[in-house]
Structures are given as C-alpha cells and as structure tokens.
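J.: Prediction below, plus the sequence it came from.
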Amino acid sequence: MPKKILILDDSEDILEVMKDALEMEGYEVMVLSFTDDICKATINYNADMVILDYILFGINGGELCHMLKTTPETAHIPVIMVSAYPRVLESLGNYGSDAFLAKPFNLTDISDTIKSCFLKAGYDVEHAGYGF
C-alpha cells in the first residue's frame, strides 16, 4: 500500500509540482493550502508523513510542526519542513521536524529526504514498490 504524504504550502504552484512528482514516485498525496487544525487533517488523512512550508499565510509552519510532534496521536509521523528562508529556521530552531529542505530544492532532494525520513521511522521503503 502506498505511503500517504500530506503537504501544506500556500503556493498552489509548489503544491501541484510536488503532488505530481510524488505521485509518480508511488506515493498517495493530499495537498492543502490552509488548515485550521493540522493534527486533525493529518489523522483524518491517515498520513504517514507531513511536509510543511515554514512561512504560511497567517500561520507559522514551525508551530504546526511543534503541534504535530507534541500530540501523542501524531508525534511518530515524520515531518519535513521546507522554506525559502533557511536562516529564519536556523535562528528559531527546527520545532522538532525530522528534516529541513531549503527552497528552491530539486525533486531528487525531496525524494531522497522523504526516503531517509521513512527509513529513520522504520519503514521498509526499499521493498514498498516506490519509484526509488
């Protein structure tokens, strides 16, 4: 069964490109440009991973990551933070994320980071039928 990835970013272009690319890799992907409850969205989608933009319209993605990592039902789910402003993230900490990617990144970077996070979380991605 394909792993489910939830992506939250306020750029529709980035959401579209990432969704298409990750679906070609064999993942099931849900994209959101906004949510009022990241934990509920993650649980309802039964996400295996969450990718969050750090700077969202009216929302701090770091705080959303912290919510995910401190909520017992979602704390085990790998979270990748992405941002065009990596220095902001460096100065404020990583909020418990499992990985960080600076924008712009190429699709190989995101694919490798996802695979690495799944491996760290104990998933056998080598034999799961993905495009790796």
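T.: Nice, thanks for sending it over.

J.: switch to C-alpha atoms for all contacts and neighbour counts from now on
T.: Noted.

J.: What's opposite residue 81 in the beta bridge?
T.: Taking DSSP bridges as the rule, residue 81 bridges to residue 52, residue 100.

J.: Could you shift the numbering so residue one becomes 31, and keep it that way?
T.: Taking 31 as the first residue, the last one we looked at is residue 111.

J.: got a list of what it touches?
T.: 81-84, 91-92, 95, 127-131 (Cα atoms under 8 Å, 6 or more residues apart in numbering).

J.: let's go with 6 Å and repeat that
T.: By Cα atoms under 6 Å, 6 or more residues apart in numbering, the contact list for residue 111 reads 81-83, 130.

J.: same question, residue 116
T.: residue 132.

J.: likewise residue 105?
T.: Counted by Cα under 6 Å, 6+ apart, residue 105 has contacts 98-99.

J.: List the backbone torsions phi and psi for it.
T.: With angles defined as degrees, to the nearest 10, residue 105 sits at phi -60, psi -30.
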